[in-house]
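Colleague: what follows is a predicted protein model with its sequence.
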Amino acid sequence: MNIDKIIVPLDVPTEAAAIALIDQLPEIIWWKVGLELFVSCGPKIISILKERQKRIFLDLKFHDIPNTVAGACRAAASYGVDLLTIHATAGRVALTSAQEAIVEGAKVTGENPPRLIAITILTSLTSRDVAFDLKIPLELPEYALQMALLAQESALGGAVCSPQEVEQLRQVCGDDFVLVCPGVRPTWAEKGDQKRSLTPGQAIKAGADYLVIGRPITAAADPKGALERICQEI
Ligand SMILES: O=c1ccn([C@@H]2O[C@H](COP(=O)(O)O)[C@@H](O)[C@H]2O)c(=O)[nH]1
């Protein structure tokens, strides 16, 4: 079992639905709290996970001016979460300010600072979206790499990238830079809105530290069975 490499997102609308999912999959160590649940539930969901000794990825994808992201990061770090996200496109000053703020925020409550990781480019976007809609003049893999390097130069501890870019990022950024891959799909699962996916086994082989796998597990008729199939494949 490679259960410690799998992060399951709690993409559900209520606290009750989140607790039901956590209790249905007690073997899961890592849970991700994203925008939907945090907006509906607030920080109480963090306490619920901590009571159960879970590791927490708070995926709020901050994207704002430096002073504002620093304030948000300071508050988030005070909860004692393990991973926290910010968009690399917030820019160098925002990334540096955010990194400093998590250390300050964690100190206030005596927690360890979370590892701050940067979103490179969302896994729901295609090369076409990047070129024609976002007007980014680089090829998508090169752009993802540049965003990861910007994060690394700004002293962040890792990045979120698609499994299709992880091999290149691993080679350039080295082994200490944590790479988290959403957009992972077993061959038997629907891709949905994920546009740059690989299978769990391929993503790990390419160098991912953690895989974020949601709907293939949480929307399966048998979530426990789906999780077992994924662990076997990895
Ligand atoms: O580029 C990104 C960044 C974050 N995510 C998040 O990961 C999960 C994926 O869920 P699935 O159900 O496995 O598609 C979801 O919470 C996203 O907010 C991402 O998909 N891509």
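Modeller: Looks like it arrived, so ask away. Numbers count the residues shown, from 1 in each chain.
Colleague: okay, CA-based contacts and neighbour counts for the rest of this
Modeller: OK.
Colleague: and the biggest strand by length in the chain, average pLDDT?
Modeller: Counting residues, the longest strand in the chain under DSSP state E turns out to be strand 55-62. The average pLDDT within strand 55-62 is 98.
Colleague: residues making contact with stretch 50-58?
Modeller: 7, 29-34, 46, 49, 81-85 (C-alpha atoms under 8 Å, 6 or more residues apart in numbering).
Colleague: 6 Å - rerun?
Modeller: 29-33, 81-84 (C-alpha atoms under 6 Å, 6 or more residues apart in numbering).
Colleague: what about it, start to end distance?
Modeller: 12 Å (C-alpha to C-alpha, to the nearest Å).
Colleague: what residues sit buried inside that stretch?
Modeller: Neighbour counts using 16 or more other C-alpha atoms under 10 Å place 54-58 of stretch 50-58 among the buried residues.
Colleague: can you put those residues in TSV and add distance to the ligand?
Modeller: Formatted as TSV, those follow (distance: C-alpha to the nearest ligand atom, whole Å):
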residue	distance to the ligand
Lys54	17
Arg55	16
Ile56	13
Phe57	10
Leu58	10
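Colleague: including distance to Ser97, could those go into CSV?
Modeller: Shown next, in CSV, are these (distance: C-alpha to C-alpha, whole Å):
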residue, distance to Ser97
Lys54, 28
Arg55, 25
Ile56, 22
Phe57, 20
Leu58, 18
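Colleague: who's in contact with Leu227?
Modeller: So Leu227 contacts Ile217 (C-alpha under 6 Å, 6+ apart).
Colleague: so is the helix or strand hosting it next to the ligand?
Modeller: Per DSSP states H and E: Leu227 is located in helix 223-233. No - judged by C-alpha under 6 Å from any ligand atom, helix 223-233 and the ligand are separated, with a smallest distance of 12.3 Å.
Colleague: hmm, back to that, so what strands line up beside the longest strand of the chain?
Modeller: If you go by DSSP bridges, strand 55-62 pairs up with strand 30-33 (parallel), strand 83-87 (parallel).
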